[in-house]
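In: Fold the stuff below for me.
(chains A, B and C)
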Amino acid sequence: MTLLSVKNLRVTFDTEAGVVEAVRGVSFSLGRERLGIVGESGSGKTQTGRSVLRLIRPPGRIEADAMTFDGIDLMKASERDMRALRGPRIAMVMQDPKYSLNPVMRVGEQLMEGLRQRDGMGKKEAHAKAIEALAAVQIRDPERVMDAWPHELSGGMGQRVMIAMMLIPNPDLLIADEPTSALDVTVQAEVLSILDNLVRTRGMGLIFISHDLRLVSRFCDRVLVMFKGKVVEELPARDLMKAQHPYTQGLLNCLPRIGGPREPLPALDRNAAWAN
Amino acid sequence: MTTLTAWLRDPSPTSRRQARLGQAYLAWLRLKRNRLAMIGLAIVALLIIVAALAPWIAPHDPITQALRERLQPPLTPGHILGTDDFGRDILSRLIVGSRITLFIIALVAVTAPVFGLIIGTVAGYFGGWTDEILMRITDIFLAFPKLILALALVAVLGPGMENAVLAIAITSWPPYARVARAETLTVRNSDYIAAVRLQGAGAARIIWGHIMPMCIPSVIIRVTLDMAGVILIAAGLGFLGLGVQPPMPEWGAMISAGRKYLFEQWWVATMPGMAIFIVSLGFNLLGDGLRDVLDPRNSGK
Amino acid sequence: MALIEIDTLSVTFTAKGRPVRAVKGVSLNVAQGESYGLVGESGSGKSTILRAICGLAPVSGGTIRIGGQPLPHPRGPAFSRQVQMVFQDPYASLHPRHTIDRTLSEPLAIHGIGNTDQRVTQALNDVGLPPNFRFRFPHQLSGGQRQRVAIARALMLEPSILLLDEPTSALDASVQAETLNLLNRLRAERGLTFLMVSHDLAVIDHMCDRILVMQHGQAVEELPREALARAEMKTDYARSLFAASADRMLGA
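Out: Numbering: from 1, shown residues only, chains lettered A, B, ... in the order given. Below is the predicted model:
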């Protein structure tokens, strides 16, 4: 069953320096599965993710032949309908929790805000639900975290809180934009396994955006490789090592390896013709 | 024209000057998109043109009295905005008075912000005792209402345009010092300042070459937004008879003179009031637009 | 004799009136021409050590010696010509209102070195940037290009020691490879000594001869590079850090 279908998505920015095409004709469809979007910065992967929520601010413009989510035409939906979708049905986790949490509100209040206002829950019920959500992202001491201010949380803790907050309304689709790249490696692994677990058990769709091809392949079912606003290769994650496209191969090989040779790392070939 | 814009838009300029002009051109393009800012700019430009051409475009002598034509209402033939209690053409007085307004604005704009900028960046960069002393002095100046302090200064120095300017400048630098200090505090700990310190740069070089350029945009914005206030204080001093002396056509003094006739001959006070209002609005709109263009937090995106 | 000698260094910050001990008695030695890595998670105090060497962090105990000489306070021009640093975030380490030309010629102006034009073009060339980048502003450059400028700036005074504070963690993997290659080439050409901080074991392994694992401001374990690849750690913490980087192993 297709949850999200995007056909020929284009994102353009009219700037003083001329028109910039960030996304140039991207098409994909997504069921209740985990889709990875990989590319370098400037490849348009983040803009693709944001377009699904229509979170592109002017002077940016979104165009698409079709963009439907669960039967709803996202291109025609009113701003009001979009607001109803963002959060309850499509959630987004960003790179840095520092900028996503309200600094002048306690974590608990932020978690409960949506429950109380949108779902009209009582204080007690909302509190219990928030504690449950924090426990689901394996926060050991949820009561203490509820009372904490965002600046008192470490990066990993903050990102877990963000994930908990996004998952409370039980969305059908989660868009995670570099959710772990601001975190330490040991924390990164934990956050990823939490995310993985939640997506599996709740049967959500997931769009995982990252620049780290290996990370994405370990974690997703299918991978889109983007280059200069275009998808250059789409492949099942398990076939990553058999990637055909030289750009994908380049992305795979440019990371240093522990115990690897001391010779210069292979440079990534960026042939502009691939994006035409 | 196209070769010029191409030169300005060149992504790899070949000289310092071309790089700087190219940046200025981009800023101008950004400003041009903001319609309100363009209206503000037009008003300010109009003020400058009128002031420059005042003696040639003023239809009447602004000072010679013509008691027979006193207190003519607006739209009287020959006196489109009417005449005042000495029969002088109000339009001509406004036009010539724009020179005084512009003179005051220009003098305040080149003195107070520069002084405030120096105090603020020095205090913010060194911190500690330097900061304490400079900022407490700033606080003392801020503690007095601006107009009262200016009044006291003019009372000591004696009335007159130069003294009015001096008094306004002395009373209006503290906010710039505050703005510059706040900006300095955010810039001081940045990596690019650490880098230049690591290269062995002294305090004077860092403050002058590296910190001030980051503070100037906020100060410029603040200056344009404050210009309305400066006009009003100058007008206030004029109104109280402590600024520009009669028969010079200063806008504030003109309102003061029209006060006696406010109910029967409203135009005598209203016309200069409108002039102050329009010019203040112009500077405010321009300042708002400049904020969007110059704010360092917006650049680089 | 080691070029950099750090002996029981402690750094204590004051945050909200309370002392925070960021580095607690760390000792290390780096030989001339060596590349030494500091690894640890955020808050382990690894970057603070670099800042302490530069005089940008309050040292509360211990000594730092370069070439056998204790460092003067303030650091002075001789230090600038010997030690330079490349910062983590190339978006924050270049002055946003200075052209690349100004950024690169500033150290020359400070030290009264002439021949600016030629040196600046040479420096751009050395880090692999085209000469027409000279009068661009940082926001006209990509992250990798900015980091090249930052490296060029650090080398303007021809120092013998380069402190690298996570020089590639803000960059894409592909750009990281280019930057690491550039750093290795420059080190070979100029005989530089590196003291590098990273949270990425694979990057450290690729760049460094010896590695110090840090946690909570303390030195946990020092390893030669060969021991890392063979997973010969003695402490649990170093092992857990290694385990978390398992996907960065050769053949993974």
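
In: Now do the same contact list for the most centrally placed residue in chain B.
Out: By CA atoms, centre = their mean, chain B has its centre lying nearest to B:Met227, at 3.3 Å. Each residue near B:Met227 by CB atoms under 8 Å, 6 or more residues apart in numbering or on different chains is listed here: B:Ile105, B:Ala109, B:Ser280, B:Phe283, B:Gly287. All C-beta spots, glycine's among them, are computed from the backbone N, C-alpha and C.

In: buried residues in the strand or helix carrying B:Arg136?
Out: Taking DSSP states H and E as the definition, B:Arg136 sits inside helix B:128-143. Within helix B:128-143, the residues that count as buried by 16 or more other CB atoms under 10 Å in any protein chain shown are B:Asp131, B:Leu134, B:Met135, B:Thr138, B:Phe141, B:Leu142.

In: touching chain C at all, that helix?
Out: No: using CB under 8 Å from any CB of the partner chain, helix B:128-143 never reaches chain C; the gap is at least 13.5 Å.

In: again with stretch B:107-127
Out: No: Stretch B:107-127 stays clear of chain C (CB under 8 Å from any CB), getting no nearer than 13.4 Å.

In: what's the offset of the helix or strand containing B:Gly258 from the middle of its chain?
Out: According to DSSP H and E, B:Gly258 maps onto helix B:251-258. Helix B:251-258 has its C-alpha centroid displaced from the chain centroid by 20 Å (CA atoms, centre = their mean, to the nearest Å).

In: List of residues touching that helix?
Out: Here helix B:251-258 has contacts from B:84-85, B:90, B:93-94, B:97, B:100-101, B:231-232, B:234-241, B:243-246, B:265, B:267-273, B:275-276, using CB under 8 Å, 6+ apart.

In: isn't there a strand covering C:Ala22?
Out: Yes: under DSSP: H, G, I helix; E, B strand; the rest coil, C:Ala22 sits within a strand.

In: pLDDT score for it?
Out: C:Ala22 is assigned 89 on the pLDDT scale.

In: I'd like to know how far it sits from B:Leu53.
Out: 65 Å (CB to CB, to the nearest Å).

In: more crowded one of those two?
Out: Taking other CB atoms under 10 Å in any protein chain shown, C:Ala22 and B:Leu53 do not tie; C:Ala22 has more neighbours (24 against 12).

In: follow-up on the earlier one: restrict the contacts of helix B:251-258 to the buried ones and give me that as a ChimeraX selection.
Out: Per 16+ other CB under 10 Å, the buried members of the contacts of helix B:251-258 correspond to this ChimeraX selection:
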select /B:84,90,93,94,97,100,101,231,232,234,235,236,237,238,239,240,243,244,265,267,268,269,270,271,272,273,275,276
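
In: quick revisit: confidence score at the residue nearest to the centre of chain B?
Out: For B:Met227, the model assigns a pLDDT of 82.

In: and it, how far is that from B:Ala106?
Out: For B:Met227, the distance to B:Ala106 equals 10 Å [CB to CB].

In: where along the stretch 51-200 of chain C do the strands fall?
Out: Applying DSSP state E, counting those that start in this stretch to the stretch 51-200 of chain C gives strands spanning C:59-66, C:69-70, C:83-86, C:161-165, C:193-198.

In: by how many degrees do the fourth one and strand C:193-198 diverge?
Out: Relative orientation of strand C:161-165 and strand C:193-198, computed by axes from the mean of the first three to the mean of the last three CA atoms, to 10 degrees: 0 degrees.

In: The helix or strand that contains B:Trp28 - contacts with which helices or strands?
Out: Element membership for B:Trp28, per DSSP H and E: helix B:16-33. Other elements packing on helix B:16-33 under the criterion 3 or more CB pairs under 8 Å, 6 or more residues apart in numbering or on different chains; DSSP states H and E are helix B:2-9, helix B:35-57, helix B:267-294, helix C:100-110.

In: try 10 Å
Out: strand A:4-15, helix B:2-9, helix B:35-57, helix B:267-294, helix C:100-110 (3 or more CB pairs under 10 Å, 6 or more residues apart in numbering or on different chains; DSSP states H and E).

In: now those in a markdown table, with distance to B:Gln23 and mean pLDDT?
Out: Below are these laid out as a markdown table (distance: least, CB to CB, whole Å; pLDDT from 0 to 100):
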| stretch | distance to B:Gln23 | mean pLDDT |
| --- | --- | --- |
| strand A:4-15 | 14 | 88 |
| helix B:2-9 | 9 | 81 |
| helix B:35-57 | 18 | 92 |
| helix B:267-294 | 11 | 87 |
| helix C:100-110 | 13 | 94 |
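
In: Kindly present those as TSV, with separate columns for distance to A:Pro256.
Out: Listed next are those as TSV, based on distance: least, CB to CB, whole Å:
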stretch	distance to A:Pro256
strand A:4-15	33
helix B:2-9	39
helix B:35-57	50
helix B:267-294	42
helix C:100-110	28
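
In: Let me know which of these is the nearest to A:Gly203.
Out: Shortest distance between A:Gly203 and these, using CB to CB, is found for strand A:4-15: 14.4 Å.

In: Can you list the strands that the helix or strand that the closest one is followed by pairs with?
Out: Downstream of strand A:4-15, the first helix or strand assigned by DSSP H and E is strand A:18-30. Strand pairing for strand A:18-30, determined by DSSP bridges: strand A:4-15 (antiparallel).

In: which of the residues in the strand it pairs with are buried?
Out: Neighbour counts using 16+ other CB under 10 Å place A:Leu4, A:Ser5, A:Val6, A:Leu9, A:Arg10, A:Val11, A:Thr12, A:Phe13 of strand A:4-15 among the buried residues.

In: Hey, what's the angle from the helix holding B:Gly258 to helix B:267-294? Just curious.
Out: Calculated by the same axes, to 10 degrees, helix B:251-258 forms an angle of 150 degrees with helix B:267-294.

In: Mind checking the pLDDT average for helix B:251-258?
Out: On average, helix B:251-258 scores 84.

In: helices and strands around the longest helix seen in chain B, which ones?
Out: Taking DSSP state H as the criterion, chain B has its longest helix at helix B:90-126. For helix B:90-126, the elements it packs on are helix B:35-57, helix B:128-143, helix B:161-188, helix B:203-205, helix B:212-239, helix B:251-258, helix B:267-294, judged by 3+ CB pairs under 10 Å, 6+ apart.

In: Most tightly packed of these?
Out: Burial of the helices and strands packed on helix B:90-126 is given as mean neighbour count (mean count of other CB atoms under 10 Å in any protein chain shown); helix B:251-258 ranks first at a mean of 25.

In: that older thread, would you check how far apart the residue nearest to the centre of chain B and C:Arg210 are?
Out: Taken as CB to CB, the span from B:Met227 to C:Arg210 is 62 Å.

In: Over to B:Pro62?
Out: Distance of B:Pro62 to C:Arg210, computed by CB to CB: 84 Å.

In: And C:Arg102, by the same measure?
Out: In this view, C:Arg102 and C:Arg210 are 37 Å apart by CB to CB.

In: same deal with C:Ala78?
Out: Going from C:Ala78 to C:Arg210 by CB to CB gives 27 Å.

In: Quick check on these two: which one has the bigger neighbour count.
Out: In terms of neighbours (other CB under 10 Å), C:Arg210 is the more surrounded of C:Ala78 and C:Arg210; the figures are 19 against 13.

In: show me the contacts for the residue in chain A positioned nearest to chain C.
Out: For chain A and chain C, the shortest gap (CB to the nearest CB) falls at A:Gly259, measuring 3.1 Å. The neighbours of A:Gly259, taking CB atoms under 10 Å, 6 or more residues apart in numbering or on different chains as the test, are C:202, C:205-206, C:225-226, C:228-231, C:248-251.
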